[in-house]
Structures are given as C-alpha cells and as structure tokens.
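[1] Turn this into a structure:
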Amino acid sequence: MDENQLVDIFKALSDANRLNLFELLMYSDQTNSELMNATGLSQNLLSHHLSVMADCKLIEAHQSIGDARRRYHSPNLNTTREVCHWWQRYSPSLSRPMARLQRPRRVLFLCSTNGMRSLMAEAIANHLSGGSLRARSAGLAPARDIPLVMYRVLDERGVPSDNLVMQTFHALGDSDFEFVITVCDRVHETEMPTALSRAEFIHWSLRDPLQETSDLHEQLALTRELYQAILLRLTFFAQRLADQERAS
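    Next up is the predicted model:
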C-alpha cells in the first residue's frame, strides 16, 4: 500500500463522524438518506465526510440498479484488507509460533545486574524461537540472587530455566553479538562497552517487578505481565527479521 494513502486513511478515521460512518458501511451498504437518518448529519457535512473517505479509497459508491437516482456507499474491502496486512506487521500474534529465521541471530539481553528482565528474555528467546535466536544475558554490575518469582512464572509457561546463570558482561568471554537489547533504562543511558560496538543496539524499557513492589502477590502478577511483554516484543523482533530476510 502506498504510504501516502495509508496516512490519508488514518487521518480519515481519526474523525469520530467518519469512523462512525465507516462502521455503519462495513455492516451494510447505505444511501445518503439512510446515512443522514442514522447519523443526524446534514447533507453537506455528510457529503464532505464521504468524499474524504472515498479519496483515500476506504469506501466507494455505485448507482442503484433499481432506481438510478440513488447511490449506495460501500466499504472498499480491498483497501481494508491491505490496511489489515500492514497492521499485522506491527501486531505480534501469540496464537502462532514465533517466526523462524533462515539464519540464526546472536542476541545479548543486557541489564544493570542481569536480573529478572534479562534472564527471562534469554530463557523465552531460546525456548520459543526454535533456534532462530541464540540468546545470552548479562549485567554491567555484579548480580544478586535469581528471584524465585521468575522461576515460578517460567515454570507456569513451560519455559526451562535450568541453564540460567547470573553473570556480568565481562564473564561472558564472548562479545560477538549481532544485537544487544538493553532491558533496563539505566543501562540504555550508560555508555556501552567498546567490545559490543559492532552490534546493533535496541532498547526495551521493561518494568522490574522487584523494584515496583515488595508484596509477593503483586510481584507475581507483575512478573506474569513482564513475561507477556517480553514474549510480544520477541515475537515482533523475530517477525521483523524474517520480513527483512524475505525482502533481501
């Protein structure tokens, strides 16, 4: 879909009246009179809104076969299908497996102390990417103990955590990563080690449940939300890489 058309479509649907008209027409083709009765819009205002939607090909009009004086307005389903296809690129779906890559990518998840966020991201990526992502995690500073609430949530989702090790970046012994994903704002705002300079840097501003609350029940609920957020981020990340592979 042409980028300018896409912009015009979003502009058209940003108006409440046009959004209402679009929803009405998606349900049933209607004439000007029927739309005026349904919305209370004047003829001039209705014509303006319909014209805006027709210009970006959201809707189309055709003459009635029964009465040539009437014109019916209909949704352009080819346009809506193309918009849906575009939007799906930015809407990761958890109902299907993570996209598989022709070439595996080495990814480092980096946090301040290699805590819950980076460890969970490593575990999810390695378990659910089917080998497309070869993930490690590390911190810039010495780590604390691995939080038990993280183990519980990973176990609930069937994600193995046996091989997770809290470590500093210097303990990795390897800096040959294609992507470094910082999951902590403090790390993102810190100068990165020069050993990682060849990697592409990405930042995910994730919440740390242990920093949010000391209540164990609340920590558990936030850790489940964190798992979902990481999974959605990873799903989009893998899909983006798969799309780039197909385009190259």
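[2] give me every residue that touches residue 124.
    By Cβ atoms under 8 Å, 6 or more residues apart in numbering, the residues touching residue 124 are 159, 227, 230, 231, 234. C-beta coordinates here come from the backbone N, C-alpha and C atoms, glycine included.
[3] do residue 205 as well
    Residues in contact with residue 205 (Cβ under 8 Å, 6+ apart) are 185, 188.
[4] Which of the three states applies to it?
    coil (DSSP: H, G, I helix; E, B strand; the rest coil).
[5] How much space separates it from residue 158?
    27 Å (Cβ to Cβ, to the nearest Å).
[6] Counting neighbours, what do you get for the residue lying closest to residue 18 once chain neighbours are set aside?
    Distances taken as Cβ to Cβ, 6 or more residues apart in numbering place residue 49 nearest to residue 18, at 4.9 Å, with adjacent residues excluded. Residue 49: 21 surrounding residues under other Cβ atoms under 10 Å.
[7] in terms of contact, does residue 49 touch residue 17 like I think?
    Yes. Residue 49 lies in contact with residue 17 (Cβ atoms under 8 Å); the separation is 5.5 Å.
[8] Overlap in contacts, these two.
    Jointly contacting residue 49 and residue 17 under the rule Cβ under 8 Å, 6+ apart are residue 41.
[9] Would you map the strands across the chain?
    Assigned by DSSP state E, the strands in the chain fall at 59-63, 71-75, 105-111, 133-139, 179-182, 200-203.
[10] Would you mind telling me which of those strands is nearest residue 45?
    strand 71-75 (14.7 Å; Cβ to Cβ).
[11] who touches the closest one?
    Residues beyond strand 71-75 that count as contacts (Cβ under 8 Å, 6+ apart) turn out to be 22, 25-26, 29-32, 35, 50, 58-64.
[12] Work out the gap between that strand and the centre of the chain.
    34 Å (Cα atoms, centre = their mean, to the nearest Å).
[13] Show me how this structure divides into domains.
    3-88, 105-247 (automatic domain parsing).
[14] quick one: which of those is nearest residue 96?
    Among the domains of the chain, the nearest to residue 96 by Cβ to Cβ is domain 105-247 (9.0 Å).
[15] Centre of the chain to the closest one, how far?
    Remark: domain 105-247 is offset 17 Å from the chain centroid, using Cα atoms, centre = their mean.
[16] Check the residue sitting furthest away from the middle of the chain and give its pLDDT.
    Of all residues in the chain, residue 67 has its C-alpha farthest from the mean position, at 47.5 Å, by Cα atoms, centre = their mean. The model reports residue 67 with a pLDDT of 85.
[17] what separates it from residue 39, distance-wise?
    Separation of residue 67 from residue 39 (Cβ to Cβ): 22 Å.
[18] Could you do residue 112 as well?
    For residue 112, the distance to residue 39 - Cβ to Cβ - is 54 Å.
[19] Which of those two has more residues huddled nearby?
    Neighbours of residue 112 and residue 39, each counted by other Cβ under 10 Å, are more numerous for residue 112; the result is 20 against 16.
[20] Break down this structure into its helices, ranges please.
    3-13, 16-27, 32-39, 43-55, 77-88, 116-128, 148-156, 185-188, 209-212, 216-247 (DSSP state H).
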